[in-house]
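# got a predicted structure plus its sequence, pasted below:
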Amino acid sequence: MGLKIVVCDDSSMSRKMIVRALPSAFRDEDVTLTQAANGLEALEAYHAGKADLMFLDLTMPQMDGFQVLERLKAEDANVIVVVISADIQPEAQRRVKELGAAAFIRKPVREDVLQETLHNIGLV
Amino acid sequence: MAALLETLTEDQRDALKELMNIAMGQAADRLARLIDTLVILSVPSIRLATECAPDLSDCPIFSAPSAYITRQSFLGALRGEVLVCFEQDGADELASLMGFDENLNTDEHDELMLDVTNILSSACIKGLAEQLELPASFGAPSILATNSTLFDKVGDVINRDQTLILEICFKVESHSFTCDLLVCVARESLPSVIEAINRMLEDL
């Protein structure tokens, strides 16, 4: 499959929940998974060529998800971003889409919702 | 019980913060729909109140020149008290954002703050209780303090029998409205809360 995924969330429990909800095809040996605890780490991973797909939280210390999306947009980055957040306000969802996110998923993440989202954006 | 809290592992603290984050996201959504403006959430923090007074001196609200604190109890297997701390100027602005006249009298102003408290605390506690699978119901909100005795009053409430304090700050974008919300979990609820968190962590 050769897919490089970054899971960015300041909560280790949340990162584990996202990884657990991934489709079985994503547990393939060809898939590389990088974990990031804040936006800065996620951007570092992207710049190191470790991100084709990024799962991104919004409310995080140091650099939040909105700031990451702004930076990626400014760089015209070639990465698919799926925001997974507890910040479910309609305005927050509108803004992340405007900043280039491919989809928004509310926390706590559910396996069926994550897999449907990945299907809708053509990744499974 | 203090010993139990002090031995919370990093994973348990992380899980508690994340559950609070999800619950507060629901509360922020309720507030945002009410005022039709984006509400900015802080990263939640956890404080432990042991036998001594909890150190709340770095809560942003305590540096405000004038503040206003409301409280609402929650009862059941998840039990404790929510304190919502508004800056006075922010409370006035919130009234304006909600379309109320600038010249609200004291009773109308109090009623508005209690309504907002009810919206925030019920959404937050409902969100926490559902995730922990612990039942909780609510008492009526009331005004706790409106002047410079805030610190002592809050300390009194928390010291009585609350031991775990989950804190989050709300800001309304482009406006001066800020409020701190403290969820103070009673010590007798802690074993159930920790057990529920352990179950969630074991499932991962």
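The structure has been received and is ready for your questions. Residues are numbered from 1 along each chain as shown, chains lettered A, B, ... in the order given.
# next one, pLDDT for whatever residue of chain A ends up closest to chain B please.
Using C-beta to the nearest C-beta, A:A86 is the residue of chain A that sits closest to chain B, at 3.2 Å. Heads up, the C-betas are built off the backbone N, CA and C, glycines and all. As predicted, A:A86 sits at a pLDDT of 97.
# kindly report the same for A:D112.
Listed pLDDT for A:D112 reads 97.
# also A:L43?
The predicted local confidence for A:L43 is 98.
# can you check the one 10 residues further on too?
Turning to A:L53, the model gives it a pLDDT of 98.
# which parts of chain B are strands?
Counting by DSSP state E, chain B has these strands, from start to end: B:39-41, B:45-48, B:67-76, B:80-87, B:136-138, B:142-145, B:162-172, B:178-186.
# er, chain A actually
A:4-8, A:32-36, A:53-56, A:80-85, A:103-106.
# which bits of chain A sit near chain B?
A:10-14, A:16-17, A:20, A:59-61, A:85-92, A:95, A:106-108 (C-beta under 8 Å from any C-beta of the partner chain).
# drop anything exposed from those residues.
With burial judged by 16 or more other C-beta atoms under 10 Å in any protein chain shown, the buried subset of the residues of chain A next to chain B is A:10-14, A:16-17, A:59-60, A:85-89, A:91-92, A:95, A:106-108.
# where along chain B do the helices fall?
B:2-6, B:10-35, B:88-97, B:106-132, B:150-161, B:190-203 (DSSP state H).
# helices and strands around the second one, which ones?
Here helix B:10-35 touches helix A:12-21, helix A:90-98, strand B:39-41, strand B:45-48, helix B:106-132, strand B:162-172, strand B:178-186, helix B:190-203, going by 3 or more C-beta pairs under 8 Å, 6 or more residues apart in numbering or on different chains; DSSP states H and E.
# what's the average pLDDT for the fourth one?
This points to strand B:45-48. On average, the pLDDT along strand B:45-48 is 84.
# next, the buried residues of that strand.
Across strand B:45-48, burial judged by 16+ other C-beta under 10 Å covers B:45-47.
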